[in-house]
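> Next input, structure requested:
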Amino acid sequence: PRALFDTPFDYESFAARDGLIGHGGVVVFDDTVDMARQARFAMEFCAIESCGKCTPCRIGSTRGVETLDRVIAGRDVERNLAIVEDLCHTMKFGSLCALGGFTPYPVMSALTHFPDDFRRAPAREAAE
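As a prediction, this is how the structure comes out:
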């Protein structure tokens with residue numbers, strides 16, 4: 001979001017805002033991108049790439065995709081968003097590697113900074 005444009009590009013500044021730099025890449029979207037679908041993409045990537053060793057990553061990312069699909073479809077949105085937040089917390093603090101531990105960051109960032117993208121699903125589906 002615009003309010004964070006002036007954030008210095010360093011690990012400490014991002015960490016202070018509950019963010020991370022990761023591999024040092026920056027992804028930029030215009031305002032037409034649906035951040036709910038981008039959050040789903042992050043979970044799906046993790047589900048596909050997971051080695052399967054730890055439960056938070058293996059099961060959390062799979063359930064994350066399923067739950068975000070329900071949110072995007074407009075089904076019981078608030079309840080499912082609470083589940084996504086719980087899954088993200090479990091993955092962030094319970095995964096054995098960075099894949100599972102870092103996947104929640106873009107998901108929670110999207111939820112925090114673009115909440116309307118998660119709550120307008122029925123209108124979006126009707127328009128498509």
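
> what about the protein, any weak spots by pLDDT?
Filtered on pLDDT under 70, the chain yields the residue ranges 23-25, 121-128.

> Would you map the helices across it?
Listed in chain order, the helices of the chain (DSSP state H) span 11-16, 35-49, 55-72, 77-94, 98-102, 104-113, 116-119, 121-127.

> can you list those helices in JSON lines and add mean neighbour count and distance to Phe5?
For every residue, glycine as well, the C-beta is placed using N, CA and C. JSON lines is the format used below for the helices of the chain (neighbours: other C-beta atoms under 10 Å; distance: least, C-beta to C-beta, whole Å):
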{"stretch": "helix 11-16", "mean neighbour count": "12", "distance to Phe5": "12"}
{"stretch": "helix 35-49", "mean neighbour count": "19", "distance to Phe5": "16"}
{"stretch": "helix 55-72", "mean neighbour count": "20", "distance to Phe5": "27"}
{"stretch": "helix 77-94", "mean neighbour count": "17", "distance to Phe5": "24"}
{"stretch": "helix 98-102", "mean neighbour count": "18", "distance to Phe5": "22"}
{"stretch": "helix 104-113", "mean neighbour count": "20", "distance to Phe5": "12"}
{"stretch": "helix 116-119", "mean neighbour count": "16", "distance to Phe5": "19"}
{"stretch": "helix 121-127", "mean neighbour count": "12", "distance to Phe5": "26"}
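
> Determine which of those approaches Phe29 most closely.
Judged by C-beta to C-beta, the one of these that comes nearest to Phe29 is helix 35-49, at 7.3 Å.

> quick one: contacts of that closest one?
Here helix 35-49 makes contact (C-beta atoms under 8 Å, 6 or more residues apart in numbering) with 29, 57, 61-62, 64-65, 68-69, 71-72, 84, 91, 99-100, 103, 106-107, 110-111, 113-114, 117-118, 121.

> List the residues that contact Asp76.
Per C-beta under 8 Å, 6+ apart, neighbours of Asp76: Arg70.
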